[in-house]
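*Asks:* coords below, sequence missing:
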């Protein structure tokens, strides 16, 4: 088993436990918002991520930083969950746990996750039109777009839903042409 697969396996029970506890407390929406805040915070600060993952930093120090940063922004349920991760030395898996949590929560809400990679940021109108079209294609009521920017695409976008990929990017088209020319 690869290291990544092992981390996923370790992270899943924590994600399940969090999801079950917030369902019972009817805090699903608030927890989703809280985890988005935490995810953005970790993405924006490599120093914070390195601090939390550093095994030489004491557990009380990590808890203190988490409390100072997040006590005003997230629910006590999420804060307690973070403390459990620190106590069990699993805080380094937080991003993976958050990803698994959202996969489970979206599945629970019957939400289709579409990973979109574009060369430039989508406007609100483009975002809304794309969501509407994907709802029509997938025949689901809820579609969640996870947007990434990749200037290498030159133009256009790629969409991945599960194992299906739609590539309308100029980069993809150029690769198709190059492949065709190499065969001919």
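*Replies:* Perfect, thanks for sending it. Quantities reported herein were computed from a predicted structural model and do not represent experimental measurements.

*Asks:* in the chain, which helix or strand is least confident?
*Replies:* helix 170-183 (a mean of 85; mean pLDDT, DSSP states H and E).

*Asks:* run the chain-centre distance for it.
*Replies:* Average the C-alpha atoms of helix 170-183, do the same for its chain, and the two points are 31 Å apart (Cα atoms, centre = their mean, to the nearest Å).

*Asks:* and for stretch 83-93?
*Replies:* Relative to its parent chain, stretch 83-93 has a centroid offset of 19 Å by Cα atoms, centre = their mean.

*Asks:* would you mark the buried spots in it?
*Replies:* 83, 85-86, 90-93 (16 or more other Cβ atoms under 10 Å). C-beta here means a position set from N, CA and C on the backbone, and glycine is covered the same way.

*Asks:* and those residues, which is closest to residue 50?
*Replies:* Distance to residue 50 across the buried residues of stretch 83-93 (Cβ to Cβ) is lowest for residue 92, with 10.0 Å.

*Asks:* which residues of the chain score low on pLDDT?
*Replies:* 1-4, 184 (pLDDT under 70).

*Asks:* any idea which residue is closest to the centre of it?
*Replies:* The central residue of the chain, meaning the one whose C-alpha is nearest the mean C-alpha position (Cα atoms, centre = their mean), is residue 99 at 4.6 Å.

*Asks:* doesn't it fall inside a helix?
*Replies:* Yes: when the secondary structure is assigned by DSSP: H, G, I helix; E, B strand; the rest coil, residue 99 falls within a helix.

*Asks:* quick one: contacts for it?
*Replies:* For residue 99, the contact set (Cβ atoms under 8 Å, 6 or more residues apart in numbering) comprises residue 11.

*Asks:* which helix is the longest one in this structure?
*Replies:* Using DSSP state H to define each element, the chain has its longest helix at helix 3-24.

*Asks:* between the next helix or strand after that helix and helix 3-24, how many degrees?
*Replies:* Once helix 3-24 ends, the next helix or strand along the chain (criterion: DSSP states H and E) is helix 28-44. Between the axis of helix 28-44 and that of helix 3-24 there is an angle of 150 degrees, by axes from the mean of the first three to the mean of the last three Cα atoms, to 10 degrees.

*Asks:* neighbouring contacts of helix 28-44?
*Replies:* The list of residues contacting helix 28-44 from outside it, by Cβ under 8 Å, 6+ apart, reads 18-19, 22, 48-49, 69-70, 73-75, 77-78, 82, 94-95, 98, 101-102, 105, 108.

*Asks:* list the buried ones in that helix?
*Replies:* The neighbour-count check on helix 28-44 (16+ other Cβ under 10 Å) flags 31, 34-35, 38 as buried.
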